[in-house]
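Asks: fold the following, please.
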Amino acid sequence: MMGVRAADIASWVFAWSSTVAAVVAVDGLRDVASGWHLGLGHSLQREHAMLQAHRARFAPQAALRPDGSGTVGRVMPFDCTANPGPIQVVEDTSDEFSVRKLNVSSGSYEVLYIIPKSRTNPPFEKMNACGIGPLDSMAYCSVRIEGQTFLARFDFESMDFVAEMPGWSWKGAFDSNGTYYAVVANSRQLYKLPNVHLLPGYQSQTDKRLAGSGPAEYINVDEAGFDIVVVMADFEGTGEQEYAVSVHSDKVFVSRLAGPSKTWDLHRDDANLFGRYFGAGFGYEKRVFFASNSGSGIFEVEMSTIDLEAMSVQTRRLGPSDETYENDGMNCMAVDPPELWTTTATTTTTTTKTTTTTTT
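Replies: Residues are numbered from 1 along each chain as shown. Sure thing, here's the model as predicted:
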């Protein structure tokens, strides 16, 4: 948004609107310094109109169904210009979540805005499996309300529901074509929802027009860590195709998403480097990164070093990342990764075993 945060625009518009209303009311009292008030009122009205126009310029376009119909949602796109780096959605308290951006130098996560659970009716319980759509720049999460799970768009002040989900998930991601993937909890099934950017958004999760979750399209991913990143690569020498990558403890999982499913279970030689839980994954073009929940840092799984014949892959630690739990990662996919991550640090080689499963 040309360096202007949506939250700032909203607060400015509110402040100017209130001031303009007050000044216009005073303008009606022409016997009280009418010249000064009229001059200031006109000036504030011009400022207010400019800010309203700026907000309108960056408001979301109509989310269209495949048949061309659709509705204009209330949610604004995520500001990828101001916040191109890694983002985490974190449960801060029993009453709220926060959206935070990583300071790549210090490893701290700075709050962009708060999402109170009371934003929905009834209040939502959890949100996770988040991602920023590559075709609409909208932020999405799986949101659980009274035991049911929905895919929702959200920003600093609004939340719109776009689809029912087949079950709760804390690991999800978009591919470059705008397909949303989420691993259904307590299963090894990866759910696939294409063309999310075309789905209309509705204010209530009970809206009868909300897209359903069936017929479900699942992929058996065998195993996965606590977040996934979907990449396009030619790991097998047969042409580029999509893979889901995740990390847990001393393992890196790579799962083929097309044809007969197949998972490579990468075992690290140095388990101490990583930590155990990696609940925040970030994908920039063909680079894949994970943040350690325990505060061990940001790590890259180097896609270019995967050799399935040699059964090896290299990983490296790129920088600090504070401890976070009840969290998930997301990022704008069409921008470059942080500049500080272009430098190399500790590199470790891992060996793999493979397991093959067939999707039915």
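
Asks: low-confidence ranges, the chain, go.
Replies: Applying pLDDT under 70 to the chain flags residues 1-72, 213-216, 268-274, 343-360.

Asks: touching, Phe282 and Glu300? I think so.
Replies: No: using C-beta atoms under 8 Å, Phe282 is not in contact with Glu300, being 9.5 Å away. C-beta coordinates here come from the backbone N, C-alpha and C atoms, glycine included.

Asks: who has more neighbours, the two?
Replies: With neighbours defined as other C-beta atoms under 10 Å, Phe282 and Glu300 compare such that Phe282 has more, 27 against 21.

Asks: in the sheet, who's paired with that one?
Replies: Phe289 (DSSP bridges).

Asks: nearest residue to the middle of this protein?
Replies: Note on the chain: the residue nearest the mean C-alpha position is Gly131, at 2.4 Å, using C-alpha atoms, centre = their mean.

Asks: find residues that contact each of Phe282 and Glu300.
Replies: Here Phe282 and Glu300 have 288-289 as joint contacts, going by C-beta atoms under 8 Å, 6 or more residues apart in numbering.

Asks: hmm, back to that, and the residue nearest to the centre of the chain, helix, strand or coil?
Replies: Following DSSP: H, G, I helix; E, B strand; the rest coil, the label given to Gly131 is strand.

Asks: contact partners for it?
Replies: Residues near Gly131 by C-beta under 8 Å, 6+ apart: 139-141, 172-174, 180, 330.

Asks: redo that, cut-off 7 Å
Replies: Shown in contact with Gly131 (C-beta atoms under 7 Å, 6 or more residues apart in numbering): 140, 172-174, 180, 330.

Asks: can you tell me the closest non-neighbouring residue to it?
Replies: Spatially, and ignoring its direct neighbours in sequence, Gly131 is nearest to Phe174 (4.4 Å; C-beta to C-beta, 6 or more residues apart in numbering).

Asks: hmm, back to that, hey, what's the residue nearest to the centre of the chain bridged with?
Replies: Per DSSP bridges, the residues bridged to Gly131 are Tyr140.

Asks: how near is it to Val99?
Replies: Remark: distance between Gly131 and Val99 (C-beta to C-beta, to the nearest Å) = 13 Å.

Asks: what does Ala211 give?
Replies: Relative to Val99, and taking C-beta to C-beta, Ala211 is found at 24 Å.

Asks: what do you get for Gly279?
Replies: Counting by C-beta to C-beta - Gly279 and Val99 are separated by 15 Å.
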